[in-house]
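**Student:** pasting the sequence and the predicted coordinates here, then a few questions.
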Amino acid sequence: MKKQAAGDGPVIIKKYANRRLYNTESSSYITLDHLAAMTREGRDFKVVDAKTDEDITHNVLTQIIMEEEARGQTMLPVNFLRQLIAMYGDSMQAFVPSYLEASMESFRRNQEQFKSAVEGAFANSPFAELAKRNMQMFEAATAAFKPQGPATTAAPKPAPSPAAGGDDDVSALKAELARLQEKIEKLGH
């Protein structure tokens, strides 16, 4: 996840009593949206209370999630939130953070494998452009899980009309579709 760009170590962000955030690397005031963008870009940062030097990164990241959820960017289902709250004070509470981290890392790995498999399956085929647009939509739908940054989506273009070649094109498409279905079945196992 960490794709540290400039400088060594995490960028220090100071949070002042007036709730303003100061980026010590760029010597400028920033917003929570800037921190969200830094997270998506893979920039590591640490938020500290300007007065006490206490690390408050966890609280600020939680605040970013709450703002994203409030904007209608809901990703956390109500049932999941209830289960998470129920885990506080439970004997398994200590294991939840590492479990959630491992689950997210596994999700990201699976997402990359799926992307590679789809790109490889459709390379140099009549489905290549369609697969490319579908991957753009898939990336947009899962952008929150990608620390590299939000996926950009291009408006889907209408599928090109089949060439007037007729039977040869249809046969080739059927053969390609059968091959792709086999690959998808293998991925599912």
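**Tutor:** Yep, that arrived.
**Student:** measure Glu119 to Glu112 for me?
**Tutor:** Glu119 sits 11 Å away from Glu112, going by C-beta to C-beta, to the nearest Å. For every residue, glycine as well, the C-beta is placed using N, CA and C.
**Student:** beyond the helix or strand containing Leu130, next helix or strand please.
**Tutor:** Element membership for Leu130 (DSSP states H and E) is helix 128-141. Later in the chain than helix 128-141, the nearest helix or strand by DSSP H and E is helix 167-187.
**Student:** report the angle between that following helix and helix 128-141.
**Tutor:** 40 degrees (axes from the mean of the first three to the mean of the last three C-alpha atoms, to 10 degrees).
**Student:** roughly how far is helix 167-187 from the heart of the chain?
**Tutor:** Computed by C-alpha atoms, centre = their mean, to the nearest Å, the chain-centroid distance of helix 167-187 equals 30 Å.
**Student:** show me what contacts the residue nearest to Arg179 when sequence neighbours are not counted?
**Tutor:** Once flanking residues are discounted, Arg179 sits nearest to Ala121: 7.8 Å by C-beta to C-beta, 6 or more residues apart in numbering. If you count contacts by C-beta atoms under 8 Å, 6 or more residues apart in numbering, Ala121 has them with 131, 179-180, 183.
**Student:** rounded mean pLDDT for the helix holding Leu130, please.
**Tutor:** Per-residue pLDDT over helix 128-141 has a mean of 72.
**Student:** using CSV, write out every CA atom in it.
**Tutor:** C-alpha atoms of helix 128-141 as CSV (Å, rounded to 0.1, in the frame of the first residue of the first chain):
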residue,chain,number,x,y,z
ALA,A,128,-10.6,-6.2,-25.9
GLU,A,129,-12.2,-2.8,-26.1
LEU,A,130,-15.3,-4.0,-24.2
ALA,A,131,-13.1,-5.6,-21.5
LYS,A,132,-11.2,-2.3,-21.2
ARG,A,133,-14.4,-0.3,-20.6
ASN,A,134,-15.7,-3.0,-18.1
MET,A,135,-12.4,-2.8,-16.2
GLN,A,136,-12.7,1.0,-16.0
MET,A,137,-16.1,0.6,-14.5
PHE,A,138,-14.9,-2.1,-12.1
GLU,A,139,-12.0,0.1,-11.0
ALA,A,140,-14.4,3.0,-10.4
ALA,A,141,-16.7,0.8,-8.3
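**Student:** just give me the longest helix of the protein.
**Tutor:** helix 96-122 (DSSP state H).
**Student:** where does this structure dip in pLDDT?
**Tutor:** 1-7, 122-129, 143-167, 188-189 (pLDDT under 70).
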